[in-house]
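Q: A predicted structure for the sequence below; I have some questions about it.
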Amino acid sequence: MTDISAGQGPVAIVTGASSGIGQAVARRLGLAGTAVTINYHSQAEPAEALAEEVRAAGGRAVAVRADVSKEADVAALFDRTVEAFGRVDILVANSGAQKDAPVAELSLEDWQKVIDVDLTGQFLCCREAVRRFRRQPAEGRPSRAAGVILSMSSVHDVIPWAGHINYAASKGGVAMMVKTLAQEVAADRIRVNALSPGAIATPINEDVWRDPAKRDALLKLIPYGRIGDTDDVAEAAAWLVSDAADYVTGTTLYVDGGMTLYPGFRDNG
């Protein structure tokens, strides 16, 4: 059996990495030499396939099931990563859920489900990461930072989104959580940032970007004139968690083709 614990590069956990943005980030990191734990909740097959792809390319990867909204699952996710690779250096907290409805029709159950995954899940993962980073010895550290956290947010941390009040509220919470956490742990040499994608073509919104009419309507909101792809986000994430961004903390990077530039005002409103 191959010893996947061998290697001197950093070790990352990417949550929600069986599809979409999380999958692209895990692939980008894993193929670049970062040992990666590919977290999934229900889609084991694509997560295992990605782990095998990384290993076949000479990298180190494991796929681990965990529900990030559950405290015990999060602890077990970190335990499995340390068991496999010896340490944890990077957390990409990407897991997310959507349960959309107009506010008058939104059930408490669907409100809570999104908050549990998109906000509380990020808190649980970030808290566990900080605990692990603080315990790890500085000797042999593969990065300049003692640890790096990247929270996946959304342009809807600043853009209101009718019919998605639970999702928008969770992302607004993530934005302030990241700033507050960055302020609290900077003295420990732990970096904390957020990445806020705009319209990115993923399986969850395929009905929009594959429909010409819906796609044209969406493009009116994107000054740069194209829908993003998951690699756009993965490249930005790879930079933010690397030593090239060592002096960056408490920041949100918008990868959105200009969606947050209020395109409705291009012609003076």
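A: Yep, it's here. The model shown is predicted, which means the values in this text are computed figures rather than measured ones.

Q: switch to C-alpha atoms for all contacts and neighbour counts from now on
A: Noted.

Q: thought residue 249 was touching residue 180?
A: No: counting by Cα atoms under 8 Å, residue 249 stays clear of residue 180, with 10.8 Å between them.

Q: of these two, who's got more company?
A: The neighbour count for residue 249 versus residue 180, taken as other Cα atoms under 10 Å, is higher for residue 249 (23 against 13).

Q: gap between the more buried one and residue 235?
A: 18 Å (Cα to Cα, to the nearest Å).

Q: now swap in residue 159 and tell me
A: From residue 159 to residue 235 the distance is 23 Å (Cα to Cα).

Q: shaky segments in this structure?
A: Flagging of the chain using pLDDT under 70 yields the residue ranges 1-7, 269.

Q: in the stretch 51-200 of the chain, which spans are strands?
A: 61-65, 90-93, 147-152, 190-197 (DSSP state E, counting those that start in this stretch).

Q: which secondary structure elements does the second one contact?
A: Under the contact criterion of 3 or more Cα pairs under 8 Å, 6 or more residues apart in numbering; DSSP states H and E, the helices and strands touching strand 90-93 comprise strand 11-14, helix 121-135, strand 147-152.

Q: Just put these in JSON lines and tack on mean neighbour count.
A: Compiled in JSON lines, the helices and strands packed on strand 90-93 are given as follows (neighbours: other Cα atoms under 10 Å):
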{"stretch": "strand 11-14", "mean neighbour count": "28"}
{"stretch": "helix 121-135", "mean neighbour count": "20"}
{"stretch": "strand 147-152", "mean neighbour count": "27"}
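
Q: For residue 42, give its distance to residue 207.
A: The gap separating residue 42 from residue 207 is 22 Å, by Cα to Cα.

Q: count of residues packed around the closest residue to residue 209 other than its chain neighbours?
A: Using Cα to Cα, 6 or more residues apart in numbering and skipping the chain neighbours, the partner closest in space to residue 209 is residue 215 (4.9 Å). Residues lying near residue 215 (other Cα under 10 Å) number 16.

Q: what's the next secondary structure element after the helix or strand containing residue 215?
A: Assessed by DSSP states H and E, residue 215 sits inside helix 212-219. Next along the chain after helix 212-219, taking DSSP H and E as the criterion, comes helix 230-240.

Q: For that following helix, C-alpha coordinates in PDB please.
A: Coordinates of each C-alpha in helix 230-240 appear next as PDB, following Å, rounded to 0.1, in the frame of the first residue of the first chain:
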ATOM      1  CA  THR A 230     -14.700  26.900 -11.600                       C
ATOM      2  CA  ASP A 231     -11.100  27.200 -12.700                       C
ATOM      3  CA  ASP A 232     -11.400  31.000 -12.300                       C
ATOM      4  CA  VAL A 233     -12.200  30.500  -8.700                       C
ATOM      5  CA  ALA A 234      -9.700  27.700  -8.200                       C
ATOM      6  CA  GLU A 235      -6.800  29.800  -9.400                       C
ATOM      7  CA  ALA A 236      -7.700  32.700  -7.100                       C
ATOM      8  CA  ALA A 237      -8.000  30.200  -4.200                       C
ATOM      9  CA  ALA A 238      -4.700  28.700  -4.900                       C
ATOM     10  CA  TRP A 239      -3.000  32.100  -4.700                       C
ATOM     11  CA  LEU A 240      -4.800  33.100  -1.500                       C
END
